[in-house]
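[1] what follows is a predicted structure for the sequence shown.
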Amino acid sequence: MTRAEPVGLPAQPFRVSFVCTGNICRSPMAEVVLRDLAAQAGLERALRVDSAGTGDWHVGERADHRTIAALERAGYDGSRHRARQFEPEWFRELDLVVAFDRGQARILRNWAHHSGELDKVRLLLEFEPEPTGIVDVPDPYYSDDAMFDRVLEMIERSTTALFRQLAPALRQGIR
């Protein structure tokens, strides 16, 4: 995932996109969490974070009200989020594309044009610091507030572990 930048030019930000189904529950949570981690570490300029959905059902809408509420309970602000759909041409601009379940990863890999783009697609729980054997982050959409909180906790653990992997290179300006 690292690329050498031409000598004398500032390093470009490392670009991460979180992708779930509708871009109103899981991916906005991860986007907000990773942005917050980068800001706390003073690395917000070294990391560009966004999110999208594989589907277009919610394009332009805010995050689900339960997503916003779960984020608020955990001390985050997800109120500015607007859903959008992932576009395959974005692969060129991204360094890492993180899906929440195998179905989303399969869709993203089908949209990839070559092996370099395929290699950018990862599942969030691949970064889980204490693997439990669970591969997919459950979609809380058809559940209750407690499930949104549990999903946010899963996302926080794995996103924090991802950030810990990225932070040393971001501090050195290496991509």
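    Yes, it's here. Predicted model, so just to flag it, every value in this text is computed and none were measured. Residues are numbered from 1 along each chain as shown.
[2] state the mean pLDDT of stretch 164-175.
    When pLDDT is averaged over stretch 164-175, the result is 88.
[3] keeping just the C-alphas, turn that stretch into PDB.
    Provided in PDB are the C-alpha atoms of stretch 164-175 (Å, rounded to 0.1, in the frame of the first residue of the first chain):
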ATOM      1  CA  ARG A 164      -2.100   2.300  14.300                       C
ATOM      2  CA  GLN A 165      -0.800   0.600  11.200                       C
ATOM      3  CA  LEU A 166      -1.000   3.700   9.000                       C
ATOM      4  CA  ALA A 167       0.200   6.300  11.500                       C
ATOM      5  CA  PRO A 168       4.000   5.600  11.400                       C
ATOM      6  CA  ALA A 169       4.100   6.000   7.600                       C
ATOM      7  CA  LEU A 170       1.700   9.000   7.800                       C
ATOM      8  CA  ARG A 171       4.000  10.700  10.300                       C
ATOM      9  CA  GLN A 172       7.000  10.200   8.000                       C
ATOM     10  CA  GLY A 173       5.100  11.300   4.900                       C
ATOM     11  CA  ILE A 174       5.500   7.900   3.300                       C
ATOM     12  CA  ARG A 175       2.700   6.400   1.200                       C
END
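[4] phi, psi for V19 please.
    With angles defined as degrees, to the nearest 10, V19 sits at phi -130, psi 120.
[5] ok, it touching G55?
    No - with contact defined as CB atoms under 8 Å, V19 does not count as touching G55 (10.3 Å). In short, each C-beta sits where N, CA and C put it, glycine included.
[6] who has more neighbours, these two?
    V19 (27 against 16; other CB atoms under 10 Å).
[7] for the more buried one, what are its contacts?
    27, 51-54, 86, 97-100, 104, 108 (CB atoms under 8 Å, 6 or more residues apart in numbering).
[8] if we go to 10 Å?
    26-27, 30, 50-54, 85-86, 90, 94, 97-100, 104-105, 107-108, 121, 124 (CB atoms under 10 Å, 6 or more residues apart in numbering).
[9] that concludes my questions; thank you for your assistance.
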